[in-house]
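> Here you go, sequence then predicted model.
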Amino acid sequence: MRIAKTAISLVLSASALLYGNSALAETYILASLKPLELLVRAVATEDMHTSTLVPAGSSPHNYSMAPSKRRALENADVIFWVGPEMETFLNRLLTGDEFGGRSVALMAPDADAASSERENQDHSQHNDKHGDGHDHGDGEDPHIWVDPQMAVTMAENIRDTLAGLDGTDKPALDRNLERFRAAVTQKEEQIREQLAPLQDVSLFAYHSAFTRFAEHYNLKVEGVLTLNPELSPGARHIADVQNSLRSANHPCLLTEPQFNRQWWRSITQGLDVKFSTWDPLATDIDATANGYAEFQQSIADAVLKCLPENAEH
């Protein structure tokens, strides 16, 4: 009798252990950058765990990955990144045998198809004016997440990927995606109205991360200080930018917290230039379902500080 009770107890314990492991099972989603996590969080269901690979305050242009971050890659069920043109430090890992099957590059050739012709023309004009392009391989600007319409396309790709995982709630993913589309549209309309007074303000950017946002909202970007944040600009380019600043109407330089403040201060010394800081990496934005809309608003708020009555020297 004692043997029978012991056997039953072992079976029940084993069943409870198996059930407990099943109940605790989670889908782990890793995004290379915080803005991508905002998109994932908008689409993902509540039982999915999300995190970011590049830590707050670090630039993906020169990030050196710690061993703990490699473990995060190993534990992830799916890894979202922009692609080889952006996170160059991930190229070998996310295109290799170990992680290639779990990684999804959101800057896929078809993700930009709707606007590629217009953007190629814009980049061609920009390169003619400034002498070079933002060097990320083939020259295409990889900061796709700052454009809200491209963010919707990325969210659709995220939904399709998550729907392909075992045990996912596809109707919930669809509902989340529709809510995200509606939120982006609403925020877009608000921002267009807010930015209308800036049509006569000449904006300058630290580097091309701001370009897609500016183009989407028809803002005037007169120049970019550095064409590649990993390299120091040449003397000729600096002189061209300084001349543009001198002749601009209410020039305002949009800087980024990830890069050296003193560097652009020295370039603009003695010029009547206003400054505002925006963060393309959404460092201070909470990873919630509404995080991307808050991120877009944070960019708009930074640009609004460029209005003559709001800006600081």
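Received the coordinates, thanks.

> Quick one: residues contacting residue 304.
Applying Cβ atoms under 8 Å, 6 or more residues apart in numbering to residue 304 gives the contacts 194, 195, 198, 310. (Glycine included, C-beta is placed from N, CA and C.)

> helix, strand or coil for residue 28?
Following DSSP: H, G, I helix; E, B strand; the rest coil, the label given to residue 28 is strand.

> pretty sure it is touching residue 76, no?
Yes - the pair residue 28 and residue 76 qualifies as a contact (Cβ atoms under 8 Å) at a distance of 5.1 Å.

> Looking at those two, which one has more neighbours?
residue 76 (21 against 14; other Cβ atoms under 10 Å).

> can you tell me how far the nearest residue to that one once chain neighbours are set aside sits from residue 180?
Nearest residue to residue 76 in three dimensions, chain neighbours excluded: residue 30, at 3.9 Å (Cβ to Cβ, 6 or more residues apart in numbering). With the distance defined as Cβ to Cβ, to the nearest Å, residue 30 ends up 20 Å from residue 180.

> ok, which stretches of the stretch 151-300 of the chain are strands?
203-205, 221-224, 252-255, 274-277 (DSSP state E, counting those that start in this stretch).

> Give the rounded mean pLDDT of the third one.
This predicted structure assigns strand 252-255 an average pLDDT of 90.

> same question, stretch 206-222
92.

> got the buried residues for it?
206-217, 219, 221-222 (16 or more other Cβ atoms under 10 Å).

> how far does that stretch stretch from start to finish?
Across its full length, stretch 206-222 reaches 11 Å end to end, with Cα to Cα, to the nearest Å as the criterion.

> go on, stretch 256-267?
Span of stretch 256-267 from end to end, Cα to Cα: 15 Å.

> how about the longest helix anywhere in the chain: buried residues?
Ranked by residue count, the top helix of the chain under DSSP state H comes out as helix 170-195. Going by neighbour count (16+ other Cβ under 10 Å), the buried part of helix 170-195 is 173, 176, 177, 180, 183, 184, 187, 188, 191, 195.

> Run through who's touching stretch 71-87.
Against stretch 71-87 from outside (Cβ under 8 Å, 6+ apart): 27-33, 36, 39-40, 51, 53-54, 60, 63, 90-91, 93-95, 99, 102-108, 136-138, 140, 142-145, 158, 161-162, 165.

> Now with 6 Å, please.
27-32, 36, 60, 90-91, 99, 102-107, 136-137, 142, 161 (Cβ atoms under 6 Å, 6 or more residues apart in numbering).

> what sits against the closest residue to residue 271 other than its chain neighbours?
Leaving aside its chain neighbours, residue 271 sits nearest to residue 245 (5.1 Å; criterion: Cβ to Cβ, 6+ apart). Neighbouring residues of residue 245 by Cβ under 6 Å, 6+ apart: 251, 271, 273.

> which of those residues count as buried?
Here, 16+ other Cβ under 10 Å leaves 251, 273 buried among the contacts of residue 245.
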